[in-house]
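# When you get a sec, could you give me coordinates for this:
(one chain, ligands or ions: 2)
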Amino acid sequence: MLISRLSSHRMNPAARIIDANANRAREALRVMEDTARFALDNALLTASLKQLRHDLQAAMALLPLDRAVLISSRDTEADIGVRIKTDSELSRTDLTHTAAAAASRLTEALRSLEEAAKTLPAPQAAAAFESLRYRAYTADKELTLALNSPRPRQWRLCVLITESLCKHHAWLKVAELAINGGADCLQLREKSLDDRELLQRAKSLVALSRPRGVSVVINDRPDIALLSGADAVHLGQTDLPIADVRVQPLRGGSLLIGVSTENLDQARAAAQSGADYIALGPMFPTTTKDKPRLAGPQYVRSFVSDESLARVPHLAIGGINTGNVAQLVEVGCRGIAVSSFVCSAPDPASACTALVERLPPSTSSDLRT
Ligand code: TZP
Ligand code: MG
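Ligands and ions are numbered 1, 2, ... in the order given. Predicted structure coming up:
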């Protein structure tokens, strides 16, 4: 028995290497695909990892070894590597770590498959494993970037902080009180500060908000958003286009991008360009921004019932206060953005709490839209 086992390995060690590494590569791809699918809800990445898995099968078919030969060369019980475990294999700190380990396993397995295929010799299969390895490097990069990027969220209350509207407290105090009152997002909206002051304020807002799990959005300025470590930039219809802002970042992270819209055509265009959230407005008359035409609550109703838009997080905006927010909830609104009602309130925390209390509770899908 022992002899036949030894001799079968000695007769076909390349088959044994190929069998082990095909399993390793397929399993690593599954871990990566599951991460993209279940942790990130990233359809594009999931599809490309699935394609890699299928193309691995296709490369295997180029080998002059059929499945029966591969299976008969397998001998897990006698594999001396099964009992060798390193400490690092047994602990994974989080999904990013798990995905990185899977990606390394994948590229190593593909290299091993390539080298074994050369010895058979099976040059076409070796070339196919090589090109899969290059695609695996890219998949690793995309998955790592996606895992390290902020995830779009359906915020419930975003408070737009503008110093000139803050009547009773300093702007940063208003921000702090808004968080105390239940705001889960703050947008810095200053149109005429010089750049250094704007960056300083953005950094202060991030330092205040990040430890409390509150997101920070910077109005108009992707550069300030990136340099301050904010979560998102908010763009109007005449600001920089999404496609240009998406060109990747200075610091390795990536920004969420929100876009202002007044009608469904603009919303569909924003969603198609990859907007992470969409502002809908103005809902009601406002003095904060010159907006001659109201979109009204009806716009929220059409947005949330549109199949292609319903899953994109939204923020209704414009003239919202405790007296009219119910009209938005009635039409399916899940998140609002408010400026003057909170900034100029004597008690911004209570103003926020009163708004949040009137909104529907957040659901698990709000965190994984
Ligand atoms: N975009 C559409 S309406 C609006 C913006 C920035 C103003 C929102 O401020 P307020 O004070 O809550 O009406
Ligand atoms: Mg703008």
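# interface residues of the stretch 51-200 of the chain facing ligand 1?
Leu160 (CB under 6 Å from any ligand atom). (C-beta placed from N, C-alpha, C; glycine too.)
# Can you show me the strands along the stretch 51-200 of the chain?
Taking DSSP state E, counting those that start in this stretch as the criterion, the stretch 51-200 of the chain contains strands spanning 157-161, 185-188.
# out of the ones you listed, nearest to Ala243?
strand 185-188 (22.0 Å; CB to CB).
# Output the contacting helices and strands for the closest one.
With contacts taken as 3 or more CB pairs under 8 Å, 6 or more residues apart in numbering; DSSP states H and E, strand 185-188 sits against strand 157-161, helix 171-181, helix 195-209, strand 215-219.
# and these as a markdown table, adding distance to Ala128, mean neighbour count and mean pLDDT?
Below are these laid out as a markdown table (distance: least, CB to CB, whole Å; neighbours: other CB atoms under 10 Å; pLDDT from 0 to 100):
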| stretch | distance to Ala128 | mean neighbour count | mean pLDDT |
| --- | --- | --- | --- |
| strand 157-161 | 49 | 26 | 98 |
| helix 171-181 | 54 | 20 | 98 |
| helix 195-209 | 47 | 17 | 98 |
| strand 215-219 | 44 | 25 | 97 |
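# Minimum distance to ligand 2: which of these has it?
For the helices and strands packed on strand 185-188, proximity to ligand 2 was assessed by CB to the ion; strand 215-219 is nearest, at 5.8 Å.
# ok, then the element right after the closest one?
Sequence-wise, the next helix or strand downstream of strand 215-219 (DSSP states H and E) is helix 222-228.
# which strands and helices sit next to that following helix?
Against helix 222-228 (3+ CB pairs under 8 Å, 6+ apart) you get helix 195-209, strand 215-219, strand 232-235.
# Quick one: mean pLDDT for it?
When pLDDT is averaged along helix 222-228, the result is 94.
# what does it rub up against?
195, 198-199, 202-203, 205-206, 216-218, 230, 232-233, 240, 245, 249-251, 253, 255 (CB atoms under 8 Å, 6 or more residues apart in numbering).
# go again using 10 Å as the cut-off
Helix 222-228 is contacted from outside by 188, 190, 193, 195, 198-207, 216-219, 221, 230-235, 239-240, 244-247, 249-251, 253-257, using CB atoms under 10 Å, 6 or more residues apart in numbering.
# Tell me which of the strands of the stretch 51-200 of the chain lies nearest to Phe284.
strand 157-161 (14.9 Å).
# which strands and helices sit next to that closest one?
helix 171-181, strand 185-188, strand 215-219, strand 232-235, strand 314-317, strand 336-338, helix 340-343, helix 348-357 (3 or more CB pairs under 10 Å, 6 or more residues apart in numbering; DSSP states H and E).
# any chance you could map the strands in the stretch 251-369 of the chain?
256-261, 277-280, 314-317, 336-338.
# And the ones you listed: which comes nearest Leu147?
Closest to Leu147 of the strands of the stretch 251-369 of the chain, according to CB to CB: strand 256-261, at 14.7 Å.
# Just confirm yes or no for that closest one near ligand 2.
No. Contact of strand 256-261 with ligand 2 (CB under 5 Å from the ion) is absent, the minimum separation being 7.0 Å.
# Next: stretch 159-170.
No. For stretch 159-170, no contact with ligand 2 is found by CB under 5 Å from the ion; the gap never falls below 11.5 Å.
# Just the endpoints, please. Distance across that stretch?
15 Å (CA to CA, to the nearest Å).
# One more: stretch 311-318?
The first residue of stretch 311-318 is 22 Å away from its last residue (CA to CA).
# Going by neighbour count, which residues of it are buried?
Buried positions in stretch 311-318, judged by neighbour count with 16 or more other CB atoms under 10 Å: Val312, Pro313, His314, Leu315, Ala316, Ile317, Gly318.
# separation between the fourth one and Ala61?
Counting by CB to CB, to the nearest Å, the gap between Leu315 and Ala61 amounts to 51 Å.
# Nothing else from me, thank you.
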